[in-house]
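Trainee: Starting from these lines, generate the structure:
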Amino acid sequence: MIHPKRLILFFASLFLGTMVSAQIKQDSLSDLKTLNPEQQFQDNFYEALKQKGLENYTKAIDALINCSKLYPERAVVYFQLGDLYYKTKAFSRAESNLQKAILLDENNFWYKEKLYQLYVHNEDYDKAITALKPLLSKHQAFQEELVHLNMSAAHYETALKQIEKLDAQYGYTSERDQLRITIYLQTGNQIDHLQFLKKRLRQAPENAQHFLNIIYTLSQYGLRDEAFATAEAFLKSHPQSHIVHVALYKFYLADKAYDKAINSMKIVTSSNVLAPHIKVKVLSDFLQFVKENPAYKSVLAEVEPAASLEVSNRSNLEWAAYYNEMKKPFKALGFYEKELLQTPENLALIQTIANLYLETKQHERAVDFTLKKLEFFPTQIALYLVYGRAQFHLQRWDAALEWLEIGLDYIFEDNETAKAYYILMADLYTKKNNIAKAKTFANKAKAINKE
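Mentor: Model prediction:
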């Protein structure tokens with residue numbers, strides 16, 4: 001038989017042995033971590049990226065700082081720190097970390113681009129220019145950006161030189177030409193501005209836009225006589241040109257040479273070679289001229305815009321108003337109907353269309369249209385009035401009166417519409433030989449006159 005004391009000693013030794021073994025294993029793991037900084041780096045770097053993705057930027061930064069302590073020469077750590085400080089608007093720390101990343105990895109494009117973006121964001125244009133220069137060989141877009149940066153930093157001469165370089169290397173672009181003009185205007189360099197425009201015209205005389213640019217710029221600088229003379233000289237050398245009349249009509253209007261101005265405007269608006277936006281502008285000026293000079297209103301009816309105009313950027317309402325002014329209601333109606341598809345609840349537009357159906361004697365359409373719209377606008381007496389008039393012309397007296405009687409409940413004030421409403425009802429009751437009611441509504445109309 002085993003003595004109880006011996007059993008106690010046995011289990012005690014077994015338990016203590018287990019504890020000692022576990023402690024040895026734990027110590028071994030700790031030693032392993034101490035001896036494996038690469039694994040610690042990977043764990044911290046992974047944690048940083050995870051927290052960055054979760055937008056826990058502070059935790060991400062702490063993890064990256066641990067990485068930098070383990071391996072202070074790894075550029076990617078400082079790039080990530082720079083990016084995180086940028087996101088948290090700690091811009092000076094972002095700058096120093098990105099600079100350190102570039103110092104450790106001088107050929108890394110992404111590090112340099114991030115530093116450049118930082119300077120642009122902070123509108124530190126001189127530093128941005130310095131940061132951008134190492135990137136210029138990577139893409140043409142960076143070379144174009146250098147122009148903008150120099151302009152923002154007010155280095156106008158440097159910007160012009162960069163534009164010249166790009167023009168020589170890649171050819172002219174309208175965007176670069178506009179930047180050049182902006183520089184001339186900001187620096188008040190009138191002479192170089194005009195010389196540049198004249199040079200463009202000499203290089204591409206077939207491009208009429210160059211000619212217009214000269215005329216416009218001369219006018220901007222107050223050199224009106226030279227601008228006018230240039231336009232007339234161009235017309236003399238290009239008698240079939242349409243574009244020249246875009247400039248000439250304004251000069252003729254200013255000099256009150258209205259017949260010449262009208263002739264030029266007609267040439268422009270009926271042209272099939274000019275861009276729609278140019279013709280629309282002239283057409284708008286033409287309408288304004290007629291409003292200010294009603295004696296020439298009949299001339300407007302002679303103008304027939306080119307078909308290409310109707311697909312220009314001019315709105316449907318503008319075209320409708322134009323054709324209304326020209327007394328072409330069918331054309332106007334087409335544009336009003338297009339507009340209604342886009343704004344189906346526009347009550348003023350609905351009333352305009354309804355009245356145009358009457359004006360164009362489309363009485364059935366007027367009836368159908370107003371009935372549908374009265375479902376949505378049951379209190380609008382103007383729609384009842386159009387419906388009644390259309391039915392009157394179709395000699396449907398009962399149908400007209402049925403709806404006009406309903407509309408009476410919505411006449412809330414005595415105005416011209418109410419007066420027309422009562423007159424129509426008097427006429428309808430006269431047609432029905434109901435003289436008493438005809439007289440009642442005729443008297444209501446007269447009462448409005450007295451007021």
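
Trainee: Could you check how far residue 276 is from residue 283?
Mentor: Applying Cβ to Cβ, to the nearest Å, the value for residue 276 to residue 283 is 10 Å. In short, each C-beta sits where N, CA and C put it, glycine included.

Trainee: Looking at these two, which is more packed in?
Mentor: Ranked by neighbour count (other Cβ atoms under 10 Å), residue 276 and residue 283 place residue 283 first, with 23 against 17.

Trainee: Strands of this protein, start to end?
Mentor: In the chain, no strands are defined using DSSP state E.

Trainee: residue ranges with poor pLDDT in it?
Mentor: Residues of the chain that meet the criterion pLDDT under 70 lie in 1-35, 300-314, 450-451.

Trainee: Would you map out the domains in it?
Mentor: 315-342, 345-451 (automatic domain parsing).

Trainee: Can you give me the buried ones in the first one?
Mentor: If I follow you right, that is domain 315-342. 316-320, 322-326, 329, 331-336, 339-340 (16 or more other Cβ atoms under 10 Å).

Trainee: before we move on, the earlier item: which among the domains of the chain is found nearest to residue 208?
Mentor: Closest to residue 208 of the domains of the chain, according to Cβ to Cβ: domain 315-342, at 25.2 Å.

Trainee: Do I have it right that residue 159 meets residue 145?
Mentor: No - assessed by Cβ atoms under 8 Å, residue 159 is found out of contact with residue 145, at 11.3 Å.

Trainee: Please say which of those two ends up with more neighbours.
Mentor: Ranked by neighbour count (other Cβ under 10 Å), residue 159 and residue 145 place residue 159 first, with 22 against 19.

Trainee: so how far is residue 221 from that one?
Mentor: For residue 159, the distance to residue 221 equals 22 Å [Cβ to Cβ].

Trainee: All the helices of the stretch 201-350 of the chain, residue numbers only.
Mentor: 208-220, 224-237, 244-254, 258-269, 276-292, 297-300, 316-325, 329-342, 347-359 (DSSP state H, counting those that start in this stretch).

Trainee: thinking in terms of the whole chain, how far from its middle is the fourth one?
Mentor: Which is helix 258-269. 32 Å (Cα atoms, centre = their mean, to the nearest Å).

Trainee: Likewise for the first one?
Mentor: Using Cα atoms, centre = their mean, we find the averaged C-alpha position of helix 208-220 to lie 26 Å away from the chain's own average C-alpha position.

Trainee: In CSV, list the domains of the chain along with distance to residue 203.
Mentor: CSV is the format used below for the domains of the chain (distance: least, Cβ to Cβ, whole Å):
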stretch, distance to residue 203
domain 315-342, 37
domain 345-451, 49
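
Trainee: so residue 274 touches residue 243, yeah?
Mentor: Yes - taking contacts as Cβ under 8 Å, residue 274 lies within contact range of residue 243: 6.5 Å.

Trainee: out of the domains of the chain, nearest to residue 84?
Mentor: domain 315-342 (47.4 Å).

Trainee: how far is the closest one from where the chain is centred?
Mentor: Its chain's average C-alpha position is 24 Å from that of domain 315-342, according to Cα atoms, centre = their mean.

Trainee: how far does it stretch from start to finish?
Mentor: Length of domain 315-342, first residue to last, Cα to Cα, to the nearest Å: 11 Å.

Trainee: Could you report the neighbour count for residue 127?
Mentor: For residue 127, using other Cβ under 10 Å, the count is 16.

Trainee: go on, residue 345?
Mentor: 10.

Trainee: For residue 374, see how far away it is.
Mentor: Between residue 345 and residue 374 the distance is 14 Å, computed by Cβ to Cβ.

Trainee: try residue 185
Mentor: 57 Å.

Trainee: who's more crowded, these two?
Mentor: In this view residue 185 and residue 374 are compared by other Cβ under 10 Å, and residue 374 has more residues nearby, 18 against 14.

Trainee: residues touching that one, list them.
Mentor: 380, 383, 384, 387, 403 (Cβ atoms under 8 Å, 6 or more residues apart in numbering).

Trainee: out of the residues you listed, which are buried?
Mentor: 380, 383, 384, 387, 403.

Trainee: Inside helices: which ones of the residues you listed?
Mentor: Assignment to helices by DSSP state H places the following of the buried ones among the contacts of residue 374 there: 383, 384, 387, 403.

Trainee: and of those, the nearest to residue 437?
Mentor: Nearest to residue 437 among these, with distances taken as Cβ to Cβ, is residue 403, at 15.8 Å.

Trainee: residues in contact with the closest one?
Mentor: 374, 384, 387, 388, 391.

Trainee: Quick one: residues contacting the second one.
Mentor: I take that to be residue 384. Applying Cβ under 8 Å, 6+ apart, the residues contacting residue 384 are 370, 374, 403, 404, 406, 407, 410, 421.

Trainee: Show me just the buried residues among those.
Mentor: The buried subset of the contacts of residue 384 (16+ other Cβ under 10 Å) comprises 370, 374, 403, 404, 407, 421.

Trainee: could those go into CSV alongside distance to residue 71?
Mentor: Shown next, in CSV, are these (distance: Cβ to Cβ, whole Å):
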residue, distance to residue 71
370, 81
374, 80
403, 88
404, 91
407, 87
421, 90
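
Trainee: Which of those sits closest to residue 436?
Mentor: residue 404 (16.7 Å).

Trainee: From residue 441, how far out is the closest one?
Mentor: 10 Å.

Trainee: list residues touching both of those two?
Mentor: Listed as contacting both residue 404 and residue 441 by Cβ under 8 Å, 6+ apart are residue 425.

Trainee: Tell me if I'm right that residue 151 and residue 185 touch.
Mentor: No - contact criterion Cβ under 8 Å: residue 151 and residue 185 do not qualify, at 11.7 Å.

Trainee: can you redo the buried ones among the contacts of residue 374 as CSV with distance to residue 44?
Mentor: Formatted as CSV, the buried ones among the contacts of residue 374 follow (distance: Cβ to Cβ, whole Å):
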residue, distance to residue 44
380, 73
383, 75
384, 79
387, 80
403, 81
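
Trainee: Would you check which pair of the residues you listed lies furthest apart?
Mentor: Among the buried ones among the contacts of residue 374, the pair separated by the greatest distance (Cβ to Cβ) is 380 and 403, at 12.0 Å.

Trainee: so who does residue 228 touch?
Mentor: Residue 228 makes contacts with residue 251, as judged by Cβ under 8 Å, 6+ apart.

Trainee: Count the neighbours of the residue nearest to residue 423 when sequence neighbours are not counted for me.
Mentor: Residue nearest to residue 423 in three dimensions, not counting chain neighbours: residue 445, with 4.8 Å by Cβ to Cβ, 6 or more residues apart in numbering. Residue 445 sits with 18 neighbouring residues when counted by other Cβ under 10 Å.
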